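Peer 1: Below is the structure, and that's it, no one-letter string:
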């Protein structure tokens, strides 16, 4: 059995955080001394701490991590949690990329003439569609040619 301080050093989790994990039922000490109130953890709880850390690094909240740990042996349930988190992060990344495009476009326009625009820019995503367009191409002989692109 390890005292909370020793377990903290081995797990790289602060004592304060280990106490918090205990309060929310995420990682309960193996034993609590009734007289002193000292918390004791076992070495077998170190893999659980590693799972908690990995799941936190993936962006899961502590409440969801507790749910995942309860079903950790169920591979399908674990895959479901991971897949949902992947989709959530991907949606967030897409939203951030869209914000980045708007910022870059605004900075570009400001750099061109230094005038602040008086209109709102809206970026819309449309479904795939076929478009026909006519484009003039100048050949190396300076002759214009009309091309139809589909």
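Peer 2: That came through fine. Keep in mind it's a predicted model, so treat the numbers as computed, not measured.
Peer 1: Residue 56 is in contact with residue 65, correct?
Peer 2: Yes - assessed by C-beta atoms under 8 Å, residue 65 is found in contact with residue 56 at 6.8 Å. (Glycine included, C-beta is placed from N, CA and C.)
Peer 1: Could you check which of those two has the larger neighbour count?
Peer 2: Neighbours per residue, other C-beta atoms under 10 Å: of residue 65 and residue 56, the larger number sits with residue 65, 23 against 12.
Peer 1: what does the model give that one for pLDDT?
Peer 2: Residue 65 is assigned 95 on the pLDDT scale.
Peer 1: Identify the residue nearest it in space, chain neighbours excluded?
Peer 2: residue 55 (4.7 Å; C-beta to C-beta, 6 or more residues apart in numbering).
Peer 1: check contacts around that neighbour.
Peer 2: Neighbouring residues of residue 55 by C-beta atoms under 8 Å, 6 or more residues apart in numbering: 64, 65, 68.
Peer 1: List the contacts of the first one.
Peer 2: The contact partners of residue 64, taken as C-beta under 8 Å, 6+ apart, are 55, 81.
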